[in-house]
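Participant: need coordinates for the below:
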Amino acid sequence: MRNRFQPILSILFIGAIVLNFYSIQAQTTWYNYQTTNQVRIDYSDPVNCNFSEGEVQMEYIFLKFSNLTNIAVNISYRVEYYYVGTGCATCTNNEYIYTINVPANGSITTNCDFKSAGQNKLAIFKKYINRTNKVQFDKFEISNITIQ
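Facilitator: I've put the predicted structure just below:
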């Protein structure tokens, strides 16, 4: 009897995870950052992410890159973080230069999971929610965008 319920419970559990993922994605509001004839770059409202079973809570802004062409493209870009009273904190740091591949007529973004390689390239850290922030986030900019 127990063996018959195990597959059903597994299916229900997986279904709940999938629905939760899609409901999070559906709730995200996107704003256009820049559009060219090849690529559209959007950013989200700030999103609260919980890590380490809620011990660490952070706020991120997610990026979404959409390929408007029928061939895959590589997009290189720099993310510049600006903080109140200090200006650009990352403009001279090459660690904030990223390259991503976006499939033909597709888009890529991230969520709080960050398990896939490179997903952190699509998340802009804004602040800690439950810890002290040493600086106050002001804005971000995306620069040096090249499409190949």
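Participant: list the buried ones in the helix or strand containing D138?
Facilitator: Using DSSP states H and E, D138 sits within strand 137-147. By neighbour count on 16 or more other CB atoms under 10 Å, the buried set for strand 137-147 is F137, F140, I142, I147. In this view, the C-beta of every residue, glycine as well, is placed from N, C-alpha and C.
Participant: now do stretch 60-77
Facilitator: Within stretch 60-77, the residues scored as buried using 16+ other CB under 10 Å are Y60, I61, F62, L63, K64, F65, S66, N67, V73, I75, Y77.
Participant: same question for stretch 82-89.
Facilitator: Taking 16+ other CB under 10 Å as the criterion, stretch 82-89 shows Y82, Y83, C88 as buried.
Participant: ok, now stretch 87-106?
Facilitator: Going by neighbour count (16+ other CB under 10 Å), the buried part of stretch 87-106 is C88, T90, Y96, Y98, I100, V102.
Participant: okay, that stretch in PDB with CA atoms only?
Facilitator: What follows is stretch 87-106, C-alpha atoms only, in PDB (Å, rounded to 0.1, in the frame of the first residue of the first chain):
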ATOM      1  CA  GLY A  87      29.800  57.000  -6.700                       C
ATOM      2  CA  CYS A  88      30.500  54.000  -8.900                       C
ATOM      3  CA  ALA A  89      32.000  51.200  -6.900                       C
ATOM      4  CA  THR A  90      32.600  48.700  -9.700                       C
ATOM      5  CA  CYS A  91      33.500  50.800 -12.700                       C
ATOM      6  CA  THR A  92      37.200  49.900 -12.500                       C
ATOM      7  CA  ASN A  93      36.700  46.300 -11.400                       C
ATOM      8  CA  ASN A  94      36.800  43.800 -14.200                       C
ATOM      9  CA  GLU A  95      35.000  41.200 -12.100                       C
ATOM     10  CA  TYR A  96      31.800  42.900 -13.100                       C
ATOM     11  CA  ILE A  97      32.300  42.400 -16.900                       C
ATOM     12  CA  TYR A  98      30.200  39.400 -18.000                       C
ATOM     13  CA  THR A  99      29.500  37.500 -21.200                       C
ATOM     14  CA  ILE A 100      26.300  35.500 -21.600                       C
ATOM     15  CA  ASN A 101      24.900  33.400 -24.500                       C
ATOM     16  CA  VAL A 102      21.200  34.000 -25.400                       C
ATOM     17  CA  PRO A 103      19.600  31.500 -27.700                       C
ATOM     18  CA  ALA A 104      17.900  32.500 -30.900                       C
ATOM     19  CA  ASN A 105      14.500  34.200 -30.300                       C
ATOM     20  CA  GLY A 106      14.900  33.300 -26.600                       C
END
